[in-house]
Structure formats: C-alpha cells, structure tokens
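no sequence for this one, just the structure:
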C-alpha cells in the first residue's frame, strides 16, 4: 500500500462531526423522522457535511456507509460506489442500471443449481434453459429469444457501467451502423490489467441490431457471423470484466476450457504430442508476458501468462490422450492361496 493511499484512508475515516479519528460504526435500517421538514433539514446537512452526524434512508444510509463507499471508490478507481443492504439489492441495481421500461432481459441458463434462475426471474427477467452444447450454440439460442430491435450481450462476469449505458442509449437513437464492439476493462488480483492482451480486450460484438449478427457453433471462443453490409463500429466507454473471483475458479476454468479446446482441435484434425504441447504452451507464455507486455502488469501479468501456458499445454495433452489410446497393464485376479 502506497504512502498516499494510507494517507487517504486515514483522512477519509475521520468523523469531523463527532471529532473522532474513526467514525462510529452505525447500524440502522429504518430511520424515523418527526416530520418531512426534519427529513429535509437532515438531507441538507448531509449534502454540506456527509462525513458524520446524519442519518438518511435508502442507499445513502449513515455516515458509516458514506465513508465506506468513498474508500471503495478509491480502491476500485471508479466514478462512484453504491452500497446495498443485501445481495438481492445488488443484483437488482446491476440489472436495472442498464434497462428502461419496455426493455426485456433474457437470461440463458444451462440448468445451473446456484439459484441464478430464481433470482433472475424474481427481478423480471425471462429465463431460458438451454442444454450446454458449447458457448456458440448457447449464445445463438439466447438471441433467437430476443424480440427487441437492439441486443446487448453481457456475460455473467461482465459489468455494464453507467457511462456505457448512457453512450448506448444515445448511440442507438442516431446511428446507421448495425454492429458494435465494446472494450472491456479486466480486473484481476485487485487491479485493472492494462496489458497482457487484456485491454481493450474486444470479444465478439456485444451490441447489435436483432438479426444483423449471429454466432458460429464453436464449443469455446466462438466466433461471430456479421449479416450487415455496414462496417463494425466501436463503443468508446468500457464495460468491466471480472474473469475470476478467486484462484480456485482460475483452475476450474483452465480445466474446463482446455477440455473444450481439445475437442475443438480434434475437430480440426490437429495431431497432439507432448513436445507440441510444451512448445505451444511456452509460446503462449512468451506471447502474453513479453510481446503483449504482461511484465508491465507485475505479479498479475506473470500469473496470466503462466495460466495461458498451463491452459494451452493441457489442451494439447488432452488431445494427445484421446489420440494415443493409452492403456494400463492388465492384472489377473488375485485369489486367496488354497
């Protein structure tokens, strides 16, 4: 932690109203006022000095939540932070920050068991259950259920920001283009990854007119088919992506994607081999760490490059395994001596 950041935390945590170094931890749900006039007086005080001595209702809460939101805003390098009392409220805010009355929300779910469908449906989303036959087929089936003119495709590990929302809402009113790429800011190990091939990190176009773009049927890292005769545009502001919530998920995704990647290589008629697996993995590390400047991302850049080595290496090893038909030695049944 840098000296300037320590100073920020120290100064932010002061409660000038109560003259304490740290603000008292205030826990409150419903705030009672004697009259509407009292509410307005308190809100006026909060605008002048939000660091202590006031109570409000809803997202603003108390001076404690205000201080916490300011600290999180600094840590995340964001424009603003909204705090919610429950996870349900956080999901609600995330979804409805990018929708308007009349919009539809389609959630493509491959029979998840973590309550995703129930939460989405409770918030007004239409959930369609699709057997998983690859990401390309999943996306293609999802957009076939969309009925509005414009489609915004967002993965579960992506977050649409207010700036992107406002830009899109203005864009679709005037543009003659049909398909748009959206840049992504990836956050990994607590920081924004500016190199390693992770920024601006465009994937398939995520904003497009209904019927002007579809996906191919690749199992993983699916491509897209542009049905428009116009050029592909680019949105200026970036959405956020949090690709891994912890180290365990890194390993889980590496195993899952390497298995799907091995099937993709097999369909292409590629031959495996241990040496080929190592060389492809080593080149993937060099490409991300050196040529894509991953070393400038510090420790996270090395982890990303090493993860690409592992994913590529095991993709070819799994391909080799399916082609080699490895067998274990057979052993005759052993019986108890007579």
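Perfect, thanks for sending it. Just so it is clear, the model here is predicted, and its values are computed rather than measured.

Please make it C-alpha for all contacts and neighbour counts, starting now.
Will do.

so residue 110 makes contact with residue 127?
No: using Cα atoms under 8 Å, residue 110 is not in contact with residue 127; the gap is 10.1 Å.

Of these two, which one has the most company?
A direct count of neighbours by other Cα atoms under 10 Å for residue 110 and residue 127 places residue 127 higher, at 17 against 14.

Find the helix or strand that the more buried one is a member of.
Here residue 127 is covered by strand 126-129, with elements defined by DSSP states H and E.

What is that strand packed up against?
Other helices and strands packing on strand 126-129, by 3 or more Cα pairs under 8 Å, 6 or more residues apart in numbering; DSSP states H and E, are strand 106-109, helix 116-122.

at 6 Å what do you get?
Strand 126-129 sits against strand 106-109, with contacts defined as 3 or more Cα pairs under 6 Å, 6 or more residues apart in numbering; DSSP states H and E.

So what's the residue count around residue 68?
By other Cα under 10 Å, the residues close to residue 68 number 14.

Within the helices and strands, which one has it?
Residue 68 belongs to helix 63-76, assigned by DSSP H and E.

same question for that helix, mean pLDDT?
Regarding helix 63-76, the rounded mean pLDDT is 74.

can you give me how far the longest helix along the chain is from the chain middle?
Looking across the chain with DSSP state H, the single longest helix is helix 298-324. Its chain's average C-alpha position is 22 Å from that of helix 298-324, according to Cα atoms, centre = their mean, to the nearest Å.

Could you list the buried residues of the helix holding residue 68?
Judged by neighbour count (16 or more other Cα atoms under 10 Å), helix 63-76 contains these buried residues: 63-67, 69-71.

Which other helices and strands does that helix contact?
Packed against helix 63-76, as judged by 3+ Cα pairs under 6 Å, 6+ apart, are no other helices or strands.

Let's see that with 10 Å instead.
For helix 63-76, the packing partners by 3 or more Cα pairs under 10 Å, 6 or more residues apart in numbering; DSSP states H and E come out as helix 3-12, strand 191-192.

can I see the domain layout of this protein?
Listed by automatic domain parsing, the domain ranges of the chain are 3-76, 87-241, 247-324.

burial count for residue 326?
The burial count for residue 326: 9, using other Cα under 10 Å.

what separates it from residue 259, distance-wise?
Using Cα to Cα, to the nearest Å, one gets 17 Å for the distance from residue 326 to residue 259.

dump the residue contacts of residue 158.
Residues in contact with residue 158 (Cα atoms under 10 Å, 6 or more residues apart in numbering) are 184-186, 239-243.

Could you do residue 104 as well?
Shown in contact with residue 104 (Cα under 10 Å, 6+ apart): 124-126, 146-148, 151.

Apply 8 Å and report the result again.
Shown in contact with residue 104 (Cα atoms under 8 Å, 6 or more residues apart in numbering): 125-126, 146, 148.

ok, of those residues, which come out buried?
The neighbour-count test (16+ other Cα under 10 Å) applied to the contacts of residue 104 identifies 125-126, 146 as buried.

Give me the below-cutoff pLDDT ranges for the stretch 1-150 of the chain.
Within the stretch 1-150 of the chain, the ranges that satisfy pLDDT under 70 run 1-31, 46-63, 76, 78-80, 84-98, 100-102.

So which of the contacts of residue 158 are in strands?
Those of the contacts of residue 158 mapping onto strands are 184-186, 239-241, per DSSP state E.

Please pick the buried ones from those.
Those of the ones in strands among the contacts of residue 158 that meet the buried threshold are 184-186, 239-241, by 16+ other Cα under 10 Å.

ok, which pair from the contacts of residue 158 is furthest apart?
For the contacts of residue 158, with distances taken as Cα to Cα, the pair at the greatest spread is 239 and 243 (12.5 Å).

Tell me the one of the contacts of residue 104 nearest residue 216?
If you rank the contacts of residue 104 by distance to residue 216 using Cα to Cα, residue 146 comes first, at 17.6 Å.

distance between the host helix or strand of residue 281 and the chain's centre?
Using DSSP H and E, residue 281 falls within helix 274-286. Relative to the centre of its chain, helix 274-286 is centred 28 Å away, using Cα atoms, centre = their mean.

So which bits of that helix are buried?
Here helix 274-286 shows 274, 277-278, 280-282, 284-286 as buried, counting by 16+ other Cα under 10 Å.

quick check: angle from it to helix 298-324?
Per axes from the mean of the first three to the mean of the last three Cα atoms, to 10 degrees, the angle that helix 274-286 makes with helix 298-324 is 160 degrees.
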